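Engineer: sequence unknown, structure follows:
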């Protein structure tokens, strides 16, 4: 059941201030853009204290380490945000380590803000809530698609569950409302991000065109043929802002995807056409990008020099492992957005457009030729 937000939310008479944790990532940067556009004051928290898009009115960079309570206490002692948007994570070797580190980051941040007049905290997670963690991706029990928010947790270790538990405990202790946002693969702009399919495919296609190679789909037969969906970073930002400010969305978890569905066997040739490369689909076995693009760092460095690109380090643009994990799944991945629709969220993106808008921005910023 959807619940109303706490009464103090409606009584606030000052302008809202948002703290965005992970402000330089795909989701965080899109949130900063949207919040500034909507007139919010924004505290852009990142390890280096660098705001996305550089200095601009309404955005205050905050340097802090989410794994270090002392760092957070020092950075946030005089900050009084009304809303928190948590979009950060730290990849570890095992899920046990993921749980320890990523749940602590949520706990550390909210503890450091016990003095703040928090009204709402929005936590970004993902569909591994339904499929299990990377080390057991889709291998155990899993609900039928489309995934819906009322499914019980899987009987496996999962750092998303631990983050939710920390969020709910802090909400009860500190008196704020919360929302959880379960996104599918996110398409967006963020150089240096560890999970970035859009930029990864752009880098793959660029190298294929430059070296005269075919644009080979890296994933499984299931992913090639099945219906699936994705999440645009701008739409995710709209969804998180909506849930943090609507009157009927408090203390709920929501799926968030673009609203369209597609098959890679149809989209892949259209992405190839955009870059002017030859598309090659699934053929008998997956061909992971970590194998296809192995040792391409030097080729990218030469390509970047030849075209005057802004980023010569291929690892800051492409995350082969993450795209391999997403496209290599032997399960259908499809998401139910009914809960958000019935609560009043009407945002929509066409996934092909989301990809091509990202590609256009990468070109405009001289990250691909």
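Structural biologist: Arrived safely, thanks for sending. Just so it is clear, the structure is predicted and the values come from calculations on it, not from any experiment. Numbers count the residues shown, from 1 in each chain.

Engineer: quick one: least confident helix or strand in this structure?
Structural biologist: The weakest-scoring helix or strand in the chain, judged by mean pLDDT, DSSP states H and E, is helix 7-11 (a mean of 42).

Engineer: Quick check: next helix or strand after that one?
Structural biologist: Going down the chain from helix 7-11, the next helix or strand is strand 17-21, by DSSP states H and E.

Engineer: contacts for that following strand?
Structural biologist: By C-beta atoms under 8 Å, 6 or more residues apart in numbering, the surrounding residues in contact with strand 17-21 are 28, 31-32, 35, 40-45, 62, 66, 76, 79-88, 105, 109, 113. (Glycine included, C-beta is placed from N, CA and C.)

Engineer: what distance separates that strand from the centre of its chain?
Structural biologist: Centre-to-centre, strand 17-21 and its host chain are 16 Å apart (C-alpha atoms, centre = their mean, to the nearest Å).

Engineer: where along the stretch 201-350 of the chain do the helices fall?
Structural biologist: 221-225, 233-245, 264-275, 289-292, 297-307, 320-327, 338-343 (DSSP state H, counting those that start in this stretch).

Engineer: Pick the most buried one from those helices.
Structural biologist: Mean neighbour count (mean count of other C-beta atoms under 10 Å) peaks for helix 233-245 among those, with a mean of 24.

Engineer: That helix to strand 17-21, inter-axis angle?
Structural biologist: On the basis of axes from the mean of the first three to the mean of the last three C-alpha atoms, to 10 degrees, helix 233-245 is oriented at 130 degrees to strand 17-21.

Engineer: same for helix 233-245, what does it pack against?
Structural biologist: Applying 3 or more C-beta pairs under 8 Å, 6 or more residues apart in numbering; DSSP states H and E, one finds that helix 233-245 contacts helix 26-37, strand 83-86, strand 120-126, strand 177-183, strand 186-187, strand 252-256.

Engineer: What average pLDDT does that helix get?
Structural biologist: Average pLDDT, helix 233-245: 98.

Engineer: Around residue 196, how many other residues sit close by?
Structural biologist: Look at residue 196: counted by other C-beta atoms under 10 Å, it has 27 neighbours.

Engineer: wait, it sits on residue 190?
Structural biologist: Yes: here residue 196 lies in contact with residue 190, judged by C-beta atoms under 8 Å, at a distance of 6.5 Å.

Engineer: now what about the longest helix seen in the chain, what contacts it?
Structural biologist: Once the chain is assigned using DSSP state H, the helix that runs over the most residues is helix 95-112. The contact list for helix 95-112 (C-beta under 8 Å, 6+ apart) reads 21, 66-69, 72-73, 75-77, 84, 86, 88-92, 118, 121, 123, 133-136, 156-159, 162-163, 165-167, 170, 174.

Engineer: Need the mean per-residue confidence for it.
Structural biologist: Here the average pLDDT along helix 95-112 is 97.

Engineer: before we move on, back to that, winner for burial among the helices and strands packed on helix 233-245?
Structural biologist: strand 83-86 (a mean of 28).

Engineer: elements contacting it?
Structural biologist: Packing partners of strand 83-86 (3+ C-beta pairs under 8 Å, 6+ apart): strand 17-21, helix 95-112, strand 120-126, helix 233-245.

Engineer: thinking again about what came up before, in TSV, list the helices and strands packed on helix 233-245 along with distance to residue 317 and mean pLDDT.
Structural biologist: Below are the helices and strands packed on helix 233-245 laid out as TSV (distance: least, C-beta to C-beta, whole Å; pLDDT from 0 to 100):
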stretch	distance to residue 317	mean pLDDT
helix 26-37	13	96
strand 83-86	25	98
strand 120-126	21	98
strand 177-183	21	98
strand 186-187	14	96
strand 252-256	25	98
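
Engineer: can you redo those as CSV with distance to residue 207?
Structural biologist: Below are these laid out as CSV (distance: least, C-beta to C-beta, whole Å):
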stretch, distance to residue 207
helix 26-37, 21
strand 83-86, 34
strand 120-126, 28
strand 177-183, 28
strand 186-187, 20
strand 252-256, 31
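
Engineer: follow-up on the earlier one: joint contacts of residue 196 and residue 190?
Structural biologist: With contacts defined as C-beta under 8 Å, 6+ apart, the residues shared by residue 196 and residue 190 are residue 26.

Engineer: List the contacts of residue 337.
Structural biologist: By C-beta under 8 Å, 6+ apart, the contact set of residue 337 is 255-257, 259, 345.

Engineer: let me redo that: residue 231
Structural biologist: 183-187, 256-258.

Engineer: Tell me the spacing between it and residue 168.
Structural biologist: Applying C-beta to C-beta, to the nearest Å, the value for residue 231 to residue 168 is 23 Å.

Engineer: Next: residue 364.
Structural biologist: Here residue 364 is placed at a distance of 41 Å from residue 168 (C-beta to C-beta).

Engineer: Which of the contacts of helix 95-112 fall within helices?
Structural biologist: Short answer: the contacts of helix 95-112 in helices (DSSP H) are 69, 72-73, 75-76, 159, 162-163, 165-167, 170, 174.

Engineer: Would you write out the PyMOL command that picks the buried residues out of the residues you listed?
Structural biologist: A single PyMOL command selects the buried members of the ones in helices among the contacts of helix 95-112 (16 or more other C-beta atoms under 10 Å):
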select buried, resi 69+72+75+76+159+162+163+166+167+170
